[in-house]
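>>> got a predicted structure here, sequence first:
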Amino acid sequence: MTLNPLETLLLVIDVQVDFCSPEGLSATRGRGMHQITEMLPRLLTFIPMVKEKGVSVVYTQMITTEHPPENYILARKVKGFEDIARVGTHGAELYMVIPEQDDVVIVKERFDAFAGTTLATLCAERKIRNILITGVRSDICVDATAKRAFAEGYNVFVVKDLVATSDERLKQHEVILETFGTYSGFVISSKEAEQSLSSTDSQ
């Protein structure tokens with residue numbers, strides 16, 4: 001399989017302090033961070049590699065605003081979820097990743113990165129056909145975005161060694177990747193992604 005870099009977008013989902021840092025709310029509330037901590041160095045190596053090939057890079061930033069969507073308010077109230085990545089806090093800031101001038105950062109209030117954002121418009125403007133999905137958490141925002149992207153008609157590639165979740169959710173992580181790879185898009189390694197892009201170099 002070959003991917004034209006100019007028709008490919010790398011989506012880096014919610015690599016933020018509250019979700020990824022040992023000092024963020026996920027960690028301080030007792031979530032195991034081993035999966036995420038091990039994934040991040042691989043992601044930091046992968047991003048500049050695909051950029052050199054001409055792939056567009058978009059970072060998403062999940063925030064909790066003062067007035068979140070009403071259905072989220074209800075879900076949090078009934079299920080007892082605590083707010084995380086609140087707007088204006090250090091926890092909402094990107095963690096370790098540093099967007100460059102030609103990258104795009106999309107702020108979102110929902111798990112799905114297409115919902116209520118300009119992502120679909122950006123993809124249309126750049127004539128994107130393929131989306132590489134990386135980031136956290138694989139069982140929440142990665143899952144929601146990958147399914148939406150596939151439903152919207154994109155060729156979707158979840159990069160399995162560049163997505164992660166809290167250690168307690170490892171089984172869910174594995175089931176979600178297996179299901180998506182079987183019935184929807186593709187689940188590939190970062191090496192396979194690199195090779196798919198490299199194969200276009202001589203064209």
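Received, thanks.
>>> what comes up buried for whatever helix or strand Tyr72 lives in?
Following DSSP states H and E, one finds Tyr72 within helix 70-79. For helix 70-79, the neighbour count (16 or more other Cβ atoms under 10 Å) marks Tyr72 as buried. Where you see a C-beta, it was placed from the backbone N, CA and C, and this is true even at glycine.
>>> and the next helix or strand past it?
Moving toward the C-terminus from helix 70-79, the next element (DSSP H and E) is strand 104-108.
>>> strands paired with that following strand, and their directions?
Its sheet considered, strand 104-108 pairs with strand 56-62 (parallel) by DSSP bridges.
>>> run the chain-centre distance for the partner strand.
Mean C-alpha position of strand 56-62 versus that of the full chain (Cα atoms, centre = their mean, to the nearest Å) differs by 7 Å.
>>> counting by contacts, list what the top strand by length along the chain packs against.
Assignment by DSSP state E gives strand 155-164 as the longest strand of the chain. With contacts taken as 3 or more Cβ pairs under 8 Å, 6 or more residues apart in numbering; DSSP states H and E, strand 155-164 sits against helix 34-52, strand 130-136, helix 141-151, helix 170-183, strand 186-188, helix 190-198.
>>> coming back round to it: what is the rounded mean pLDDT of the helix holding Tyr72?
Mean per-residue pLDDT for helix 70-79: 83.
>>> name the helix or strand of this protein that has the lowest mean pLDDT.
helix 70-79 (a mean of 83; mean pLDDT, DSSP states H and E).
>>> from the chain's centroid, how far away is that helix?
Helix 70-79 sits 23 Å away from the centroid of its parent chain (Cα atoms, centre = their mean).
>>> residues contacting the helix holding Tyr72, please?
Phe81, Glu82, Asp83, Glu109, Arg110 (Cβ atoms under 8 Å, 6 or more residues apart in numbering).
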